[in-house]
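Engineer: pasting the sequence and the predicted coordinates here, then a few questions.
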Amino acid sequence: MFHHFRKPFKNKKLVFLYIFWVITAFFVWWKFTDIAIMYGNYGSIHTNIDILLSVFMILWFPLFLVGIIYKWMLFWSRENLHKKTGVWLLTGFLGTIISWASCCGSTLAIYFWLTPIMNLLPYDGLELKILSVFGLAYALHDLYKNLETCRTQRKPKHRKNKLS
């Protein structure tokens, strides 16, 4: 399974895109997250878990995007991408926003009306971040397991009626 993760990186453009997206995601996270205030408000355990989950999102979501682009380049048709791809893109995007918005980065969450949900949870959205990381891990597993598999559905052959 892990050899599938190397396949997209044989293309230099995809390597460049991955590095670019990771650096961009890191700087956006760094800009919207005040780690000193997080340590003051949440304590070291909560903040360290939050930072670790953010690192997973920063590294894995661009990997997911690179896998989708690789699959698109391989099959070259939107119809050949599986229906789950759009769902994974949406959840990965929202998970990335949630992962950046747990403390002072909540300005990103305000634009998507996620702040009230995060304030109702006992750990201030850390639960959503954990779920989004697990969801992204599953999406990566599903995408890279079937990286070079076309999932188009066959049209059923018309059977002749045996009674006629």
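Structural biologist: Now that the structure is in, tell me what you want to look at.
Engineer: so where's the protein shaky on pLDDT?
Structural biologist: 1, 76-115, 117-118, 150-164 (pLDDT under 70).
Engineer: all helices of it, in order?
Structural biologist: 3-6, 12-32, 35-42, 44-75, 84-100, 106-111, 115-120, 126-145 (DSSP state H).
Engineer: same list (those) but as CSV, adding mean neighbour count.
Structural biologist: C-beta coordinates here come from the backbone N, C-alpha and C atoms, glycine included. Formatted as CSV, the helices of the chain follow (neighbours: other C-beta atoms under 10 Å):
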stretch, mean neighbour count
helix 3-6, 12
helix 12-32, 14
helix 35-42, 14
helix 44-75, 18
helix 84-100, 19
helix 106-111, 15
helix 115-120, 13
helix 126-145, 18
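Engineer: is it true that residue 46 touches residue 122?
Structural biologist: No. Look at residue 46 against residue 122 with C-beta atoms under 8 Å: they stay out of range, at 11.0 Å.
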